[in-house]
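J.: return atomic coordinates for the entry below.
(chains A and B)
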There are 2 protein chains.
Amino acid sequence: MEEVPGALGTSASLALRLGQIVFSCASLFFMCLDLDFFSYTAFCYLVTVMGLVVPWSVTLVMVDAYSVFIKFLDHQKRILLVIIVGDWVLSCLSLAAASATASVTDLLLDVGRSYCPAKQCSRYQLSAAMAFLSWFLSFSSCLFNLWLLPSL
Amino acid sequence: MEEVPGALGTSASLALRLGQIVFSCASLFFMCLDLDFFSYTAFCYLVTVMGLVVPWSVTLVMVDAYSVFIKFLDHQKRILLVIIVGDWVLSCLSLAAASATASVTDLLLDVGRSYCPAKQCSRYQLSAAMAFLSWFLSFSSCLFNLWLLPSL
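T.: Residues are numbered from 1 along each chain as shown, chains lettered A, B, ... in the order given. Model (predicted):
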């Protein structure tokens, strides 16, 4: 069986998963610093999606850490398929949430200061940027695992 | 070489491409029925992206039609790679545009009737729905071609 860097159980995958955790936690942090986000559907959606990405990435970071530091795990086709589908669904949701947040923030900035003080809006923008980065990393994970799949 | 249904040059791929053309044209049509969309960045973004998806799909529908009805084209790895990357980029852009449009329309409905009369807002929602369908089809095309790639 060939080894694909970035696929499940490699150190590159561990790095990708750690990046996902960091960026999705940062996105959650910037969004939840106050409770105003509850007024906007798009922001609630972002918080929900990031709240799903964090436990998923934490689970997989533990699997990767076990595989890298303790004992290399054999790839099983069925498990890999579940991980690919999970990554794919979460990456689509993150991209949708990130772009929804970015566009709503942009609109709020246009509509006027009363809806969104400058400080708050820049936090929302930061949160969207972090969500985009998290999407990029989880999509990479998905692609690397998909590349490994036909060789199993 | 194995045959993957939905990959370049098959009749399933022809159907997928025709669907992409129909849905992206419908999305453009519902958005551009009046010229109010120019006021919102997200709507301009949707129009730009759908304006890219239409010529891309038209080109590939001609390739597929040639391959299905006249003479089967051999797959070349380099060309397939270009098509996969193009499909992938356009599908990411469509998903982002569709969710941005959907969230902005939702916000406009919340903010008040003055920004968005009921008839206009339901057109924007329809446009976003069509863009989601177009994204789904172009992502499927991308996946089918990606599945074929390792066997070349």
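J.: residue A:150 contacts residue B:150, correct?
T.: Yes. With contact defined as Cβ atoms under 8 Å, residue A:150 reaches residue B:150; the gap is 4.7 Å. In this view, the C-beta of every residue, glycine as well, is placed from N, C-alpha and C.
J.: do stretch A:83-98 and chain B meet at all?
T.: Yes. Judged by Cβ under 8 Å from any Cβ of the partner chain, stretch A:83-98 comes into contact with chain B at A:92, A:95-98.
J.: now do that stretch: distance to the chain's middle.
T.: 7 Å (Cα atoms, centre = their mean, to the nearest Å).
J.: again with stretch A:78-95
T.: For stretch A:78-95, the distance to the chain centre is 11 Å (Cα atoms, centre = their mean).
J.: buried sites along it?
T.: Neighbour-count burial for stretch A:78-95, counted by 16 or more other Cβ atoms under 10 Å in any protein chain shown, picks out A:80, A:83-84, A:86-88, A:90-95.
J.: equivalent analysis for stretch A:99-116, please.
T.: A:99-109, A:115-116.
J.: ok, now stretch A:43-57?
T.: Buried-residue list, stretch A:43-57, by 16+ other Cβ under 10 Å: A:43, A:45-47, A:49-50, A:53-54, A:56-57.
J.: can you put those residues in CSV and add secondary structure and pLDDT?
T.: Below are the buried residues of stretch A:43-57 laid out as CSV (DSSP: H, G, I helix; E, B strand; the rest coil; pLDDT from 0 to 100):
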residue, secondary structure, pLDDT
A:43, helix, 89
A:45, helix, 92
A:46, helix, 92
A:47, helix, 93
A:49, helix, 94
A:50, helix, 93
A:53, helix, 94
A:54, helix, 94
A:56, helix, 94
A:57, helix, 94
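J.: between these, which sits nearest chain B?
T.: Of all these, the one with the least separation from chain B (Cβ to the nearest Cβ) is residue A:45, at 7.7 Å.
J.: circling back to that earlier point, in helices, which of the residues of stretch A:83-98 next to chain B appear?
T.: Counted as lying in helices by DSSP state H, out of the residues of stretch A:83-98 next to chain B, are A:92, A:95-98.
J.: output those residues in TSV; the columns should cover pLDDT.
T.: Below are those laid out as TSV (pLDDT from 0 to 100):
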residue	pLDDT
A:92	91
A:95	93
A:96	93
A:97	93
A:98	94
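J.: what is the nearest of those residues to residue B:10?
T.: residue A:92 (24.8 Å; Cβ to Cβ).
J.: what sits closest to that closest one if chain neighbours are left out?
T.: Excluding its sequence neighbours, the residue lying closest to residue A:92 (Cβ to Cβ, 6 or more residues apart in numbering or on different chains) is residue B:95, at 6.5 Å.
J.: which residues of chain A lie near chain B?
T.: So chain A meets chain B at A:40-42, A:45, A:92, A:95-104, A:106-108, A:110-111, A:146-147, A:150-151 (Cβ under 8 Å from any Cβ).
J.: of those residues, which belong to helices?
T.: Reading helices off these with DSSP H, I get A:41-42, A:45, A:92, A:95-104, A:106-108, A:110-111, A:146-147.
J.: which of the helices or strands spans the residue nearest the centre of chain A?
T.: Residue closest to the average C-alpha location in chain A (Cα atoms, centre = their mean): residue A:134, at 3.7 Å. Using DSSP states H and E, residue A:134 falls within helix A:118-148.
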